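Asks: based on what follows, work out the 3D shape:
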Amino acid sequence: MVMLILIKILFVVYLAAINFYGFILVSQHKRAEEDGDACSVKDGKVFVSGMLGGALGVFVAMFVFKYRLTSLALMVLMPIFIALSVYAVIMLFTQNFGIVEGVGNNLEGMLGYVEVFFL
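Replies: Numbering: from 1, shown residues only. As a prediction, the model looks like this:
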């Protein structure tokens, strides 16, 4: 039970960190474009941070900094990544991250689970 709570806390911290990273990444990319140095931050990093769960941070930063609002790929893919992230969070939290309660409490239950898994 304590491990499940720890996993949930770590997952929430991860989501907050990746969204913050996406927000900062877009702000740096916008500042680099204004300075004329467009090579410092690649577009692939923005897409990867969106795919890893930071799509909400990227999408909010796009409107805050008016970053590539005409880019069809960003305007379509980021809301799709947001929807997928929300779906994944809901499924993971309702299914307790796939952790089976009571299996690791005793050796007999664990061995029974292993036998069923391999047979």
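Asks: center of this protein, which residue is that?
Replies: Centroid check for the chain by Cα atoms, centre = their mean gives residue 53 as the closest residue, at 1.9 Å.
Asks: please tell me how far residue 16 sits from residue 22.
Replies: From residue 16 over to residue 22 the distance is 11 Å, taken as Cβ to Cβ, to the nearest Å. For the C-beta atoms, the positions are set from N, CA and C on the backbone; glycine is no exception.
Asks: which SS state does residue 69 fall under?
Replies: Each residue gets one of three states, and residue 69 gets coil by DSSP: H, G, I helix; E, B strand; the rest coil.
Asks: which ones are touching it?
Replies: Residue 69 sits next to 62, 63, 75 when contact means Cβ atoms under 8 Å, 6 or more residues apart in numbering.
Asks: which of those are buried?
Replies: Among the contacts of residue 69, the ones that count as buried by 16 or more other Cβ atoms under 10 Å are residue 62.
Asks: could I get the contacts of residue 69 as TSV with distance to residue 31?
Replies: Putting those into TSV (distance: Cβ to Cβ, whole Å) gives the following:
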residue	distance to residue 31
62	14
63	16
75	21
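Asks: so which of the contacts of residue 69 sit within strands?
Replies: Judged by DSSP state E, the subset of these located in strands is empty.
Asks: any chance of the contacts of residue 69 in JSON lines, plus distance to residue 8 and pLDDT?
Replies: What follows is those, written out as JSON lines (distance: Cβ to Cβ, whole Å; pLDDT from 0 to 100):
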{"residue": "62", "distance to residue 8": "29", "pLDDT": "91"}
{"residue": "63", "distance to residue 8": "30", "pLDDT": "92"}
{"residue": "75", "distance to residue 8": "32", "pLDDT": "89"}
